[in-house]
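K.L.:
I need the structure of the sequence given here:
(one chain, ligands or ions: 1)
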Amino acid sequence: MTEELSLLARAFEREPPGVALRWALERFGQDARIACSLSVEDTILVHEAARVGAELGVRPRVFLLDTGRLHDETLVFAERVRDRYDVELDVYAPQAPLVESLLKKQGFLGFRHSVAQRKDCCDARKVEPLRRALAGARAWITGLRREQSVTRSDVAVIEEDASNGGIVKVSPLAGFTEAQAWDFARRNGVLTHPLHAQGFRSIGCAPCTRAVAEGEDARAGRWWWEDPSHKECGLHGRGPR
Ligand code: SF4
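P.N.:
The predicted model follows:
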């Protein structure tokens, strides 16, 4: 399958995102799960999946990880997305015993003290729920872009995901720049998160995400106290853990 995926990845590289999404929904139906943080990249996926899904007669399955630390604006926006798009929206929350043990060990802000503690928090609040979100899935679809960070520079439009049991990972926007993503969103009337208009160039947990100044790197708004080579939460199996 790897060879077929590489060929498809190359073929879809310059196509609009709906092409890779159509392939994934046709091939895997509801066994393809769309990861959604509600960033502009992810609402593009939801918008396009709803459109393509309606044509194919497939109701796309989208999942949101409610880490328990999201901005209020994100929760309000999630309801707007739920109302606007005809998709099945599944929400996964962290398991209470894992969060209780994390809080006992490192308190409410331990993730600021070391990369290891931050990764423990991401493991409990994101990585473990992701495993449940992908249970039974044959593919997942993400809004990753190569331009986003050094840890994402080799993302392919379609690839096998060794860190999630070898299922197929589809990233239709892999080759997009941030400007291209916004251009696509505007031209197609995609619903966009209101925090973007306040300088948030990525959407994540409230204590670990901030607005960035003009000219600053987009990922400077995530875990700004860490070295850029560590800035992955473990969802995408890249970067040192
Ligand atoms: S982004 Fe921050 S608050 Fe969210 S899970 Fe990771 S360390 Fe915890």
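K.L.:
Get me the contact residues on the protein for the ligand.
P.N.:
With CB under 6 Å from any ligand atom as the criterion, the chain meets the ligand at residues 67, 69, 111, 118, 121-122, 125-126, 204-205, 207-208, 233. Every C-beta, even on glycine, is put in place using the N, C-alpha and C of the backbone.
K.L.:
Make a markdown table from the residues you listed and add distance to V190 and pLDDT to it.
P.N.:
Below are those laid out as a markdown table (distance: CB to CB, whole Å; pLDDT from 0 to 100):
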| residue | distance to V190 | pLDDT |
| --- | --- | --- |
| T67 | 24 | 98 |
| R69 | 25 | 97 |
| F111 | 31 | 93 |
| R118 | 31 | 94 |
| C121 | 30 | 97 |
| C122 | 27 | 96 |
| R125 | 27 | 98 |
| K126 | 24 | 96 |
| G204 | 19 | 94 |
| C205 | 23 | 96 |
| P207 | 27 | 95 |
| C208 | 25 | 93 |
| C233 | 24 | 67 |
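K.L.:
Which members of those residues are positioned in helices?
P.N.:
Mapping these onto helices (DSSP state H) picks out 118, 121-122.
K.L.:
got a winner among those for most neighbours?
P.N.:
C121 (25 neighbours; other CB atoms under 10 Å).
K.L.:
ok, that residue - contacts?
P.N.:
By CB atoms under 8 Å, 6 or more residues apart in numbering, the residues touching C121 are 102, 106, 110-111.
K.L.:
Packing partners of the longest helix along the chain?
P.N.:
In terms of residue count, the longest helix belonging to the chain (DSSP H) is helix 40-56. Applying 3 or more CB pairs under 8 Å, 6 or more residues apart in numbering; DSSP states H and E, one finds that helix 40-56 makes contact with helix 17-28, strand 32-35, helix 178-188.
K.L.:
Need the winner for burial among the ones you listed.
P.N.:
strand 32-35 (a mean of 25; mean count of other CB atoms under 10 Å).
K.L.:
Which elements pack onto that one?
P.N.:
Helices and strands touching strand 32-35, by 3+ CB pairs under 8 Å, 6+ apart, are helix 40-56, strand 61-65, helix 128-133, strand 139-141.
K.L.:
Show me the shaky parts of the chain.
P.N.:
Scanning the chain for pLDDT under 70 picks out 1, 229-234, 237-241.
K.L.:
Now the buried members of the residues of the chain next to the ligand.
P.N.:
For these, a burial check counting by 16 or more other CB atoms under 10 Å picks out 67, 69, 111, 118, 121-122, 125-126, 204-205, 208, 233.
K.L.:
Now do the SS call for the residue of the chain most remote from its centre.
P.N.:
The centre of the chain is farthest from one residue, K104, which by CA atoms, centre = their mean lies 28.4 Å away. Under the three-state scheme (DSSP: H, G, I helix; E, B strand; the rest coil), K104 adopts helix.
K.L.:
Now do the contacts for D183.
P.N.:
For D183, the contact set (CB under 8 Å, 6+ apart) is empty.
K.L.:
actually A185, not the one I wrote
P.N.:
40, 43-44, 192.
K.L.:
If we use 7 Å, what do you get?
P.N.:
40, 44, 192 (CB atoms under 7 Å, 6 or more residues apart in numbering).
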